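Student: Sequence first, then the predicted structure, then my questions.
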Amino acid sequence: MPNNDAGSAVRTQKLTRSFGDLVAVDAMDVVVAGERIFGLLGPNGAGKSTAIKMLTTLLPPTSGTAVVAGHDIRREPADVRRHIGYVPQLVSADGTLTGVENLLLSARLYDIPGSECRERIRESLEFMGLTEAARSPVRTYSGGMVRRLELAQAMLHRPAVLFLDEPTIGLDPIARHAVWGRLRASRRQYSMTVVITTHDMEEADELCDELAIMHAGRIVARGTPSALKHGISPNATLDDVFTKYAGASLEEGGNYRDTLRTRRTATRLG
Amino acid sequence: MTLSAPVAQPLGWAERSTAARFLRHSGAIAAVELDKLLRDPTEILTRAIQPSLWLIVFGEVFTRTRAIPTGSLSYLDFMAPGVLAQSVLFTAIFYGIAVIWERDLGIVHKLLVSPASREALVFGKALAAGLRALTQAVFIVLLALILGVHLRLDVGSLAGVALVVMLGGALFSTFSFVIACLVKTRERFMGIGQVLTMPLFFASNAIYPLSMMPNWLARIARFNPLTYLVSALRSLMLVGQGASTIPLDIGVLCLVFVLLLLLGARLYPGIAR
């Protein structure tokens, strides 16, 4: 059972990951309260994806740890996995399968009882506006539809915490707003905590209740979007916030590999 | 504030039993793989070309020349199980490319954050590869029958052949999976796959008996799982072959498969990093 020592869905303790000499995430201490949409904002290469991979148990920390949905990621990774959902930045829906088949795979891997399975799949397809496309191969979907299907897959087992790595990368404005709308609605409906990474200021501003700004593996500022902006000046943008705390612009940063991956995802969804 | 996410599910017997969960997760993975195979069966057909050439061209010619001493068996009889084993090997050895493909997409990440155990996921893929190998077996057995190979056709023998073929397919696909997890890129994987297949094939008893080999090669062949696959298939498929080596053959295949499965499950998470 996910239990909440102090009402937190995620609590990291000096969470650190290095790759050789590079410290990708540096002693991260962050608490995410339940039922919030929490954003990790920063440029490519700031360590956001690495942080998410540790929190979802895909990557073991070099040191430190975190408690996610009431379970320690190092000591109880299997329990963590049972109570979280994850949509990676890359495209995780299988293009050769139909929407229903993708959902069925998730249902089976998450031990959703057969009796509930069909109803839940029907419901989630309807909620995500995919009922009509349910039996078409996913490779015929638009980018926005693929993302919504991936959300449906990640939420089918009603996770306590949902992790999304760059959820709207490569989507056009209409598709982005549709994804945001579904996220807000499902957070309310399922009392779910959502943790996203983004390098997009509009997404951080509009979608997130709370932000942590990351730069070079460290959290340099945190707070609600408006508090962060007003802390600088009445007309400040999040980019100004970032520039103040990190001494660089959000638009900078990232390396060849990040760029390659981002473009690849964008190409697949676009 | 409390986290009131409705994640509590009443657990039935099937959820409580670890073995049942394992099999359900493996079954889910295998079902997906088979769906894909059936949706595009061209692969099954193209995979049948190579063994046909071996049997029809190579087999027929060497049966006539009698260059390879195969005791009481005709050469075609001798090589038919070898060609089947070879086909199982060649089909399975490139199976790992799918994992690299799934890694370049985000499918591996999706599977690895699910509560299914890594062993169950790898076993599911092995199961699918085993069933895929079975489609080859059906074709090759029919072709051998047409060419007049003296096959055992009782239900027990055929079931034994089916099981051993699946075991072989599972073993070599998991071997391929392990390599894919180690090398992680398509280019390196294809290179290594090419380099491995021929030595595995030639350092085995698939198309000539161990007794014909120079000592050093025969010694290597005894460490080659393909040799045990061929030996088991030869005993099970052909009329008049003793069954005495079958327990050893199947025992070795099972042991190697389980070791590869455990190794694969250990290496699998590394591919998502």
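Tutor: In hand now; what should we look at?

Student: Residue 66: what's it in contact with?
Tutor: Reading this off chain A. A:10, A:11, A:12, A:13, A:15, A:54, A:55, A:72, A:73 (C-beta atoms under 8 Å, 6 or more residues apart in numbering or on different chains). From N, CA and C alone the C-beta is placed, and that goes for glycine too.

Student: could you do chain B instead?
Tutor: Shown in contact with residue B:66 (C-beta under 8 Å, 6+ apart): residue B:75.

Student: Can you give me the distance of it to residue B:76?
Tutor: Distance from residue B:66 to residue B:76, counting by C-beta to C-beta, to the nearest Å: 11 Å.

Student: next one: residue B:137
Tutor: According to C-beta to C-beta, residue B:137 stands 17 Å off from residue B:76.

Student: count of neighbours near the nearest residue to residue B:197 once chain neighbours are set aside?
Tutor: Spatial nearest neighbour of residue B:197, excluding adjacent residues (C-beta to C-beta, 6 or more residues apart in numbering or on different chains): residue B:93 at 5.4 Å. Using other C-beta atoms under 10 Å in any protein chain shown, residue B:93 has 21 neighbouring residues.

Student: Dihedrals phi and psi, residue B:93?
Tutor: phi -70, psi -20 (degrees, to the nearest 10).

Student: can you give me the helices in chain A?
Tutor: Using DSSP state H, the helices found in chain A span residues A:48-55, A:77-83, A:99-109, A:114-127, A:143-155, A:173-190, A:201-207, A:225-230, A:238-246, A:256-269.

Student: Turn those helices into TSV, including distance to chain B, mean neighbour count and mean pLDDT.
Tutor: Supplementary listing: the helices of chain A in TSV, determined by distance: least, C-beta to the nearest C-beta, whole Å; neighbours: other C-beta atoms under 10 Å in any protein chain shown; pLDDT from 0 to 100:
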stretch	distance to chain B	mean neighbour count	mean pLDDT
helix A:48-55	7	26	95
helix A:77-83	5	20	95
helix A:99-109	4	23	96
helix A:114-127	8	15	92
helix A:143-155	7	25	94
helix A:173-190	6	16	91
helix A:201-207	19	19	91
helix A:225-230	19	17	91
helix A:238-246	26	20	83
helix A:256-269	8	14	68
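
Student: Residue B:243 is nearest to which of the ones you listed?
Tutor: With C-beta to C-beta as the measure, helix A:99-109 is the member of the helices of chain A nearest residue B:243 (39.0 Å).

Student: for chain B, what spans make up the helices?
Tutor: Going by DSSP H, chain B shows helices at B:13-16, B:18-39, B:42-53, B:60-65, B:75-92, B:97-104, B:107-112, B:118-146, B:155-183, B:186-202, B:215-221, B:225-237, B:246-267.

Student: So which of those is nearest residue A:85?
Tutor: Nearest to residue A:85 among the helices of chain B is helix B:107-112 (9.8 Å), distances taken as C-beta to C-beta.

Student: I'd like to know which elements the closest one is packed against.
Tutor: Secondary-structure packing of helix B:107-112 (3 or more C-beta pairs under 8 Å, 6 or more residues apart in numbering or on different chains; DSSP states H and E): helix B:97-104, helix B:118-146.

Student: what ranges of chain B fall below the confidence cut-off?
Tutor: Applying pLDDT under 70 to chain B flags residues B:1-16.

Student: For chain A, what's the nearest residue on it?
Tutor: Closest approach between chain B and chain A, counting by C-beta to the nearest C-beta: residue B:106, at 3.2 Å.

Student: Residue B:103 touches residue B:273, doesn't it?
Tutor: No: counting by C-beta atoms under 8 Å, residue B:103 stays clear of residue B:273, with 10.0 Å between them.

Student: Run through the residues of the stretch 51-200 of chain B sitting next to chain A.
Tutor: Where the stretch 51-200 of chain B comes near chain A, counting by C-beta under 8 Å from any C-beta of the partner chain, the residues are B:104-107, B:109-117.

Student: Recalculate using a threshold of 10 Å.
Tutor: When proximity is defined as C-beta under 10 Å from any C-beta of the partner chain, the stretch 51-200 of chain B approaches chain A at B:102-117, B:120-121, B:124.

Student: circling back: TSV for the helices of chain B, including mean neighbour count?
Tutor: TSV is the format used below for the helices of chain B (neighbours: other C-beta atoms under 10 Å in any protein chain shown):
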stretch	mean neighbour count
helix B:13-16	11
helix B:18-39	17
helix B:42-53	14
helix B:60-65	13
helix B:75-92	26
helix B:97-104	19
helix B:107-112	24
helix B:118-146	22
helix B:155-183	23
helix B:186-202	15
helix B:215-221	13
helix B:225-237	26
helix B:246-267	17
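
Student: For the closest residue to chain B within the stretch 1-150 of chain A, which non-adjacent residue is closest in space?
Tutor: The minimum distance from the stretch 1-150 of chain A to chain B, using C-beta to the nearest C-beta, falls at residue A:90 (3.2 Å). Closest residue to residue A:90 apart from its sequence neighbours, by C-beta to C-beta, 6+ apart: residue B:106 at 3.2 Å.

Student: Torsion angles phi and psi at that neighbour?
Tutor: The phi/psi pair for residue B:106 (degrees, to the nearest 10) is phi -110, psi 20.

Student: Run a quick check on it versus residue A:169, I expect a contact.
Tutor: No: between residue B:106 and residue A:169 there is no contact under C-beta atoms under 10 Å: 11.9 Å.

Student: overlap in contacts of the two?
Tutor: Jointly contacting residue B:106 and residue A:169 under the rule C-beta atoms under 10 Å, 6 or more residues apart in numbering or on different chains are A:89, A:90, A:265.

Student: how many other residues sit next to the second one?
Tutor: The one in question is residue A:90. Residue A:90 has 21 neighbouring residues, counting by other C-beta under 10 Å.

Student: go on, the first one?
Tutor: Neighbour count of residue A:89, defined by other C-beta under 10 Å: 22.

Student: Disregarding flanking residues, what is the spatial nearest neighbour of it?
Tutor: Closest to residue A:89 by C-beta to C-beta, 6+ apart is residue A:165, at 4.1 Å.

Student: so the one you found touches residue A:91, yeah?
Tutor: No: using C-beta under 10 Å, residue A:165 is not in contact with residue A:91, being 11.6 Å away.

Student: shared neighbours, these two?
Tutor: A:265, B:106.

Student: wait, what's in contact with the closest residue to residue A:150 other than its chain neighbours?
Tutor: Using C-beta to C-beta, 6+ apart and skipping residues adjacent in sequence, the residue nearest residue A:150 is residue A:87, 4.7 Å away. Taking C-beta under 10 Å, 6+ apart as the criterion, residue A:87 is in contact with A:93, A:147, A:149-155, A:162-167, A:196, B:106, B:109-110, B:113.
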